[in-house]
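Asks: Predicted structure and sequence below. I'll ask about it afterward.
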Amino acid sequence: MSTETLSATSAKLSFLHRFAGSSRSFLAKLADEPLGMFGFAVLLLLVIVAILAPWIAPYDPTSQNLAEALQAPSAAHWAGTDEFGRDILSRLIYGTRITIQTVLSVSLIIGPLGLIIGIVAGFVGGRTDALLMRATDIVLSFPSLILALAFAAALGAGLNTAIIAISLTGWPPIARLARAETLIVRNTDYVAAARLYGASKTRLLFLYIAPMCIPSVVVRLTLSMAGIILTAAALGFLGLGAQPPAPEWGAMISNGRKFMLDNWWVAVMPGIAILVTSLAFNLVGDTLRDILDPRHAR
């Protein structure tokens, strides 16, 4: 076996050993966070429900049956029915897919975008930093919900446009956090050593600085997911999100608000779904912050 093969094998084994050790350490710390474990359990359940929705939902979420309209929660319909006789529980189950899709899509956009803008601004500095941060300040100066509403109204109603609208307003906090982390990391000894050994700026950015910023960005993203859910629900409530008959939770609350006095379950059930999901993301975000950032450790 050649020397290069032995070195590559050794490097792989070392990486696997470090990864296994980090995983055990993470799980051990998570065991000391009961609320965090509850949040992770809820999110895992939501993902399972979203994947298995066709097999879990007792009814077709878009099938109408006016003879069973506005029935209270019962053994036949655990969460009741809406004004068209559609089973609310089935619609909530399928609505989990829309919520998970929205959260993941927005996170996959604003995470890398904010990270790249932040590390470039913090590392390059000068006019580049000033230009990128002033653009960030302009977006931050508007309330995110109002700006998302404006973008969604301009782009047209729909789930994809809602995702784009939320993404256009969600990256600035990530960028500012990544910039602050970069300003600290760029002056560390190992970055200075890599620069002395001739590492290019691109290599310094993506191999030495970006990995050090990722944990903070992941925590910030997790904490932002509750806001993403609420913004998506607000857009759906106003008719700018997923369009009928899609079972979007915000749109379900909008449709049920006129039945609040006599048929409370039509609006309350999707409201509870939004509450539990947002709470789970907040608990997970707080737990990740405590575990990944020693400065916030209890």
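Replies: Cool, got the structure.

Asks: Show the model's pLDDT score for the nearest residue to W265 once chain neighbours are set aside.
Replies: Nearest residue to W265, sequence neighbours excluded (C-beta to C-beta, 6 or more residues apart in numbering): G80, at 4.0 Å. The C-beta positions use only the backbone N, C-alpha and C, and glycine is treated the same way. Note on G80: pLDDT of 91.

Asks: how close does G80 sit to K258?
Replies: Distance, G80 to K258, by C-beta to C-beta, to the nearest Å: 15 Å.

Asks: higher neighbour count, these two?
Replies: More crowded of G80 and K258, by other C-beta atoms under 10 Å: G80, with 22 against 12.

Asks: Show the backbone phi and psi for the residue nearest to the spatial centre of the chain.
Replies: For the chain, the residue nearest the mean C-alpha position is M225 (3.6 Å; C-alpha atoms, centre = their mean). In terms of degrees, to the nearest 10, the main-chain angles of M225 are phi -60, psi -30.

Asks: list the contacts for the residue nearest to W265?
Replies: G80 is in contact with L70, Q71, A72, P73, S74, I88, N263, W265, V266, M269, counting by C-beta atoms under 8 Å, 6 or more residues apart in numbering.

Asks: What about the residues you listed, which are in helices?
Replies: With helices taken from DSSP state H, the overlap with the contacts of G80 comprises I88, W265, V266, M269.

Asks: Now rank those residues by neighbours and give me the top one.
Replies: I88 leads those on contacts (other C-beta under 10 Å) with 28 neighbours.

Asks: excluding its backbone neighbours, what's nearest it?
Replies: A79 (4.0 Å).

Asks: The one you found belongs to a helix, doesn't it?
Replies: No - counting by DSSP: H, G, I helix; E, B strand; the rest coil, A79 is not found in a helix; it is coil.

Asks: How many neighbouring residues does it have?
Replies: Other residues lying near A79 total 22 when counted by other C-beta under 10 Å.

Asks: how much space between L131 and D137?
Replies: Where D137 is concerned, L131 sits at a distance of 11 Å (C-beta to C-beta).

Asks: What does the pLDDT read for the residue lying closest to F84 once chain neighbours are set aside?
Replies: Excluding the flanking residues, the one nearest F84 by C-beta to C-beta, 6+ apart is Q64, at 4.4 Å. If you check Q64, the pLDDT there is 91.

Asks: so what's R97 up against?
Replies: Counted by C-beta under 8 Å, 6+ apart, R97 has contacts A50, A53.

Asks: now V219: how far from A194?
Replies: On the measure of C-beta to C-beta, V219 and A194 end up 26 Å apart.

Asks: still on that earlier bit, is the residue nearest to the centre of the chain in contact with V103, as I believe?
Replies: Yes - if you go by C-beta atoms under 8 Å, M225 and V103 touch, sitting 5.2 Å apart.

Asks: what is in contact with these two at once?
Replies: Contact criterion C-beta under 8 Å, 6+ apart; residues shared by M225 and V103: F281.

Asks: List just the nearest of the ones in helices among the contacts of G80 to G122.
Replies: Checking those against G122 with C-beta to C-beta, the nearest one is M269 at 45.2 Å.

Asks: For the helix or strand hosting A50, give me every contacting residue.
Replies: For A50, the host element (DSSP states H and E) is helix 34-51. With C-beta under 8 Å, 6+ apart as the test, helix 34-51 has contacts from 30-31, 56, 93, 96-97, 99-100, 276-277, 279-284, 286-288, 290-291.

Asks: And the residues you listed, which of them are buried?
Replies: Neighbour counting with 16 or more other C-beta atoms under 10 Å marks 30, 93, 96-97, 99-100, 277, 280-284, 286-288, 290-291 as buried within the contacts of helix 34-51.

Asks: Which of these fall within helices?
Replies: Going by DSSP H, the helices hold 30, 93, 96-97, 99-100, 277, 280-284, 286-288, 290-291 from the buried ones among the contacts of helix 34-51.

Asks: in the stretch 151-298 of the chain, which spans are strands?
Replies: For the stretch 151-298 of the chain, no strands are identified by DSSP state E, counting those that start in this stretch.

Asks: and the end-to-end length of stretch 196-206?
Replies: 17 Å (C-alpha to C-alpha, to the nearest Å).

Asks: So which bits of that stretch are buried?
Replies: Buried residues in stretch 196-206 (16+ other C-beta under 10 Å): L204, L205.

Asks: Mind checking the pLDDT average for it?
Replies: According to the model, stretch 196-206 has a mean pLDDT of 82.

Asks: Show me how far that stretch is from its chain's centre.
Replies: In terms of C-alpha atoms, centre = their mean, to the nearest Å, the centre of stretch 196-206 is found 31 Å from the chain centre.
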